[in-house]
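>>> Sharing a sequence plus its predicted fold:
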Amino acid sequence: MNSIRRIAAGALAAAAVLTPAAAAKADTPYAQASATVRDDGVVLHSENIDEVRRMFRGTYCVILGEKVDLIGDVAIHVTPTGRSVFPRTLSVQRQAPVCSGHIRSVAVFSQVANGLAADTGFYLTVS
């Protein structure tokens, strides 16, 4: 029984050593576009993103690069980052009026539980 435990422990240790550490940025190898955005709208990391603007509290406009194919079904995923006292809800809208209806735009809306807009950092991926 002890030899089985030793073999299992050795295998786990080898797997831990051989597994690369997670990157600080969002690693999205199959996404067409991705961005890590601070709550003030500053982009920390992006790929195939032309511009990000904080329009007003809790509302951000993301302009996708020309290489992003938005024809047909497109998966857009947004995840809040950082810590906040109140839970946040994020939603997205393609070609949003808040982004002047730009054909390659995605608006990100952030709000707290009572529905009030709130600034929030986020990861955005478009697949």
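Happy to help now that I have it.
>>> Downstream of the helix or strand bottoming out on mean pLDDT in the chain, the next helix or strand is which one?
In the chain, the helix or strand scored least confidently by mean pLDDT, DSSP states H and E is helix 2-18, which has a mean of 43. Following helix 2-18 in sequence order, the next helix or strand is strand 33-37 (DSSP states H and E).
>>> What strands flank that next one, and is each parallel or antiparallel?
strand 43-47 (antiparallel), strand 122-126 (antiparallel) (DSSP bridges).
>>> List the contacts of it.
Applying Cβ atoms under 8 Å, 6 or more residues apart in numbering, the contact partners of strand 33-37 are 25-26, 28, 43-49, 52, 60, 62, 64-65, 68, 81, 108, 121-126. Where you see a C-beta, it was placed from the backbone N, CA and C, and this is true even at glycine.
>>> before we move on, what about stretch 113-125?
26, 28, 31, 33-40, 49, 54, 56-60, 62, 75-82, 84, 86-90, 92, 106, 108-112.
>>> per-residue confidence averaged over that stretch?
Averaging pLDDT along stretch 113-125 yields 95.
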